[in-house]
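In: need a structure here:
(chains A and B)
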Number of protein chains: 2
Amino acid sequence: MTTHYSKLEEINKRIHRFSHLGAILSWDEAVNMPKGSGEARAESISELYAFISDEMKRPEILEYIDKAKNEDLSELQKANLELVERDWKNSNVLDTDFVRKKSLTNMKCEQAWRQYREENDWESFRPHLEDVVTLIKEEAALRSDATGMNKYDSLLDLYEPGLRSSEVDEIFNVLIKELPTLRNEIVEFQTSRPFTKPEGPFAAENQKELGVEIMNAMGFDFTRGRLDVSHHPFCGGVPEDVRMTTRYSEDDFTESLMGIIHETGHARYEQNLPVDWITQPLGQSKGMAIHEGQSLFFEMQMGRSKEFLQYALPLMKKHVFNGKSEESWTEENMTRLYQHVTPGYIRVDADEVTYPFHVILRYEIERDILEGKIEVKDLPEIWDAKMQEYLGLSTKGNYKDGVMQDVHWPSGAMGYFPTYTLGAMVAAQVFDTLEKSNPNVKSEIATGEFGNINSWLKENVWGHGSRYELQDLMQKVTGQKLSADIFIKHLKNRYLS
Amino acid sequence: MTTHYSKLEEINKRIHRFSHLGAILSWDEAVNMPKGSGEARAESISELYAFISDEMKRPEILEYIDKAKNEDLSELQKANLELVERDWKNSNVLDTDFVRKKSLTNMKCEQAWRQYREENDWESFRPHLEDVVTLIKEEAALRSDATGMNKYDSLLDLYEPGLRSSEVDEIFNVLIKELPTLRNEIVEFQTSRPFTKPEGPFAAENQKELGVEIMNAMGFDFTRGRLDVSHHPFCGGVPEDVRMTTRYSEDDFTESLMGIIHETGHARYEQNLPVDWITQPLGQSKGMAIHEGQSLFFEMQMGRSKEFLQYALPLMKKHVFNGKSEESWTEENMTRLYQHVTPGYIRVDADEVTYPFHVILRYEIERDILEGKIEVKDLPEIWDAKMQEYLGLSTKGNYKDGVMQDVHWPSGAMGYFPTYTLGAMVAAQVFDTLEKSNPNVKSEIATGEFGNINSWLKENVWGHGSRYELQDLMQKVTGQKLSADIFIKHLKNRYLS
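Out: Coordinates of the predicted model:
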């Protein structure tokens, strides 16, 4: 018998198929697409997203949802049905022409960003960003009207369902209070711990070999995924075909290595979503704070630990050692290098102590933009002022490493940045729980044994797909809601002892 | 005022956008996709093609066509309208469930082919091919009923609109009559013209540099296209983003080089379609015989000529010369090598004298399959018998280099093969005309000057898009319909003097 619930599953399966096309095409755009093909691609992807939006808004979906609620459903089916209803409501806020226009505008802006960032050309880029921001503000107003949330929360909720900026503020306020002093103590502490950087050049292909060996050890499934190069590293594609990217600097292999480990955390989550639910909302990854929690678990909790560097050093020697600066190639030196705390311009290269300020700066700016307090034209000046305030650095005239450094705003994503720092809290809190349940975890890392860790994460986090909202998942896994405490404890342990 | 004609243009523009997605995704499948992702990809692409089929069958299209016929249209608009009507009719032959099933079956078979061909495993591959052939036969029956053409013609017409197998027979009969004797004469003639093959290894990256330099010289636009590696070389993507592939053998750079030149011919056609019509049927490339005419113009008429090798030899020396077998690296030797006639197993590696028999063999088998005279299980035996008859070679037990060598049948394409050999006639006939209008063409090739040749092809062939059917185009460009005469004259000139 065809139930209304099963009709909804069919509709979602079809939407999943079409989303697959968009995900791989977006990866292709970042990795392969020649520059001159951008307009045709933007038109095509926008047409696809408009179509998907139409499909998600089909009025019969609401009818099926209402009828399915009276059908005999398992717990998982009920959870899936709730997510279907959420998707239906979220989709219906924007009409299809708006979706098409937004997609086209974002893609054009992102293409412009790639070019003008390289050229450090803010003035040519600005009108593109203004177009994008106009639509984000329009979207936030529509979503706010539809949901009763404030404008910022109405966007934040898309990236981390259920999370509110009041919760973000609570955590960020702890960080703003605690971190500056802690950072000064760490910087002071580290003055007596000098290190040297391995001297390049390191051929990209050797760096890739190193990355691939570690990805394999960490469980990345290359039969359902790839590693390529893009301008801005990301983990894209679909759970059935995960497309990870990185970028190689021939001067320095250490950056791409941690980038790869970071993205491998994202990838492992995607590759371990519940396979029986993969075409349904329940089978998708949850919000971006949880997602970032996985990548930072891999990069920060594991990858930058002294135990991991004990495991990785022989692999570094095997793949990229070039006989230069021999004194750098020790566990102690590599640990100091990977744990070095220093303010810098670039968010993705920041250490975990200064990183939160990169996020807080963006979060404050986003909120002010959405509330109409500041305009796009003012961004370079505001960025510079906040960088000076939080990190003591000026980005005056340096747009490339300032306001133009990230792909998020050009691609239309506002409300996303806080999830990075919340992810750092997630990672610290989850690792702390894992360590309590498995006291050998650090010695497993030191020997490159990631099997138990992966199994535990799959059972406790990855395998739930979208079933639990962030705070419920944290409560379930760690016994408490998300907080900054364990993260700060982790920083003190790692950097001051 | 919105005319009915302009409504049709809007519908076709949208279809063009969705086709873009499918074309790039298909390229990705052949070039990038990890093996374990095949099922999800096949499901997604099949859903896309089912959707496109639905869009092309929308009943209002017929209404708009009828009304547009009474609107005031330019000649080009009228030509476009005819093509829109043709597409509408062709689409309506197959219902959407059939399209989805066919796409899924073909993709699964193609994925199986990639694996089992490598393993020379006919028995595991056979059931997949049987599924594909069942659907091809069903499709041919439906198309035959709808159009009144015979079954084979109803498929041939999809690949080369307007062409009938009676015309193919007429040309192929000339070839069957003339070529065996000519081939024997050439083989005899060439016994006194020995050559040596440059000795490898030749690193893939050096071969690629050589190929890219020649692609650039021949006008390939890398701002709207790429060159990558795949199992079976092809030219895919979309006119706005042409995705060419090749494969490199480290033993032998000469194969990949001619493969690249061949695909560059396809690519130049795609990149020079009429840009104002690119989203409409009129702006697409015409049939595959014309398309293959362009690739063989590049490979056979130009690439394997002694003038081209005069131009290319210094480039070969620059990129791939390895100091070995120095006596091979002369114009005379390379010309002999590239013009060597000898029967072989593999169609794509065949010289232009024996190539037609590879096609005739497949053409005869396809027709017998569609007419129900032979079944898939009999193919290896029939293949072997025909190879012995036409080329004096046995493929007994060698499925990999026999019936399993081509991607066409596994991917559901029957009625396609004849276009290759007709393309050879197109190339010879068009080159002959060009040479009459520009007697310097060979010296331009010898100096690597392809500008005039490209301009002439753009004006006379490429820029027409889909406006003219094969025979009309040949009449218009060369002053006569397609025939084997000029091709045979070309063979005699090149190989017996």
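In: Tell me where chain A has strands.
Out: Remark: strands assigned in chain A by DSSP state E are A:225-229, A:235-238, A:241-246.
In: Turn those into JSON lines, columns for mean pLDDT and mean neighbour count.
Out: To be clear about C-beta, it is placed using only N, CA and C from the backbone, and glycine gets the same treatment. Below are the strands of chain A laid out as JSON lines (pLDDT from 0 to 100; neighbours: other C-beta atoms under 10 Å in any protein chain shown):
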{"stretch": "strand A:225-229", "mean pLDDT": "98", "mean neighbour count": "19"}
{"stretch": "strand A:235-238", "mean pLDDT": "98", "mean neighbour count": "24"}
{"stretch": "strand A:241-246", "mean pLDDT": "98", "mean neighbour count": "26"}
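In: of all those, which lies closest to chain B?
Out: When those are compared by C-beta to the nearest C-beta, strand A:241-246 sits nearest chain B, at 3.6 Å.
In: where does the closest residue to residue A:101 other than its chain neighbours land on pLDDT?
Out: Using C-beta to C-beta, 6 or more residues apart in numbering or on different chains and skipping the chain neighbours, the partner closest in space to residue A:101 is residue A:135 (7.0 Å). pLDDT for residue A:135: 98.
In: Quick one: name the residues of chain A near chain B.
Out: A:14, A:17-18, A:20-21, A:24-25, A:28, A:32-37, A:39-41, A:43-45, A:47-48, A:51, A:221-226, A:238, A:240-241 (C-beta under 8 Å from any C-beta of the partner chain).
In: and these, which are buried?
Out: Using 16 or more other C-beta atoms under 10 Å in any protein chain shown as the burial test, those include A:14, A:17-18, A:20-21, A:24-25, A:28, A:32-34, A:37, A:40-41, A:43-45, A:47-48, A:51, A:221, A:224-226, A:238, A:240-241 as buried.
In: so of those, which ones are in helices?
Out: A:14, A:17-18, A:20-21, A:24-25, A:28, A:40-41, A:43-45, A:47-48, A:51 (DSSP state H).
In: Need the max-distance pair from those.
Out: Greatest spatial distance in these: A:14 and A:40, 25.2 Å, computed using C-beta to C-beta.
In: how close does residue A:297 sit to residue B:270?
Out: 46 Å (C-beta to C-beta, to the nearest Å).
In: Check residue A:413 too.
Out: When distance is defined by C-beta to C-beta, residue A:413 is 34 Å away from residue B:270.
In: swap in residue A:311?
Out: Relative to residue B:270, residue A:311 is positioned 50 Å away (C-beta to C-beta).
In: With residue A:32 instead?
Out: Distance from residue A:32 to residue B:270, by C-beta to C-beta: 17 Å.
In: Residue A:37 now?
Out: Residue A:37 sits 12 Å away from residue B:270, going by C-beta to C-beta.
In: Can you give me the neighbour number for residue A:212?
Out: Summarising burial for residue A:212: neighbours were counted as other C-beta atoms under 10 Å in any protein chain shown, giving 15.
In: Just the pLDDT for it.
Out: Per the predicted model, pLDDT is 98 at residue A:212.
In: Next up, the contacts around the closest residue to it other than its chain neighbours.
Out: Excluding its sequence neighbours, the residue lying closest to residue A:212 (C-beta to C-beta, 6+ apart) is residue A:227, at 6.4 Å. Taking C-beta atoms under 8 Å, 6 or more residues apart in numbering or on different chains, we find residue A:227 in contact with A:208, A:211, A:212, A:215, A:244, A:245, A:246, A:260.
In: what about 7 Å?
Out: A:211, A:212, A:215, A:244, A:246 (C-beta atoms under 7 Å, 6 or more residues apart in numbering or on different chains).
In: And for residue A:198?
Out: For residue A:198, the contacting residues are A:325, A:328, A:329, by C-beta under 7 Å, 6+ apart.
In: Could you provide the residues you listed in TSV, with additional columns for pLDDT and neighbour count?
Out: Formatted as TSV, the contacts of residue A:198 follow (pLDDT from 0 to 100; neighbours: other C-beta under 10 Å):
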residue	pLDDT	neighbour count
A:325	94	14
A:328	95	16
A:329	96	19
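In: So for the residue nearest in space to the middle of chain A, what's the nearest residue that isn't a sequence neighbour?
Out: By C-alpha atoms, centre = their mean, chain A has its centre lying nearest to residue A:292, at 4.7 Å. Among residues not flanking residue A:292 along the chain, residue A:423 sits closest, at 2.6 Å (C-beta to C-beta, 6+ apart).
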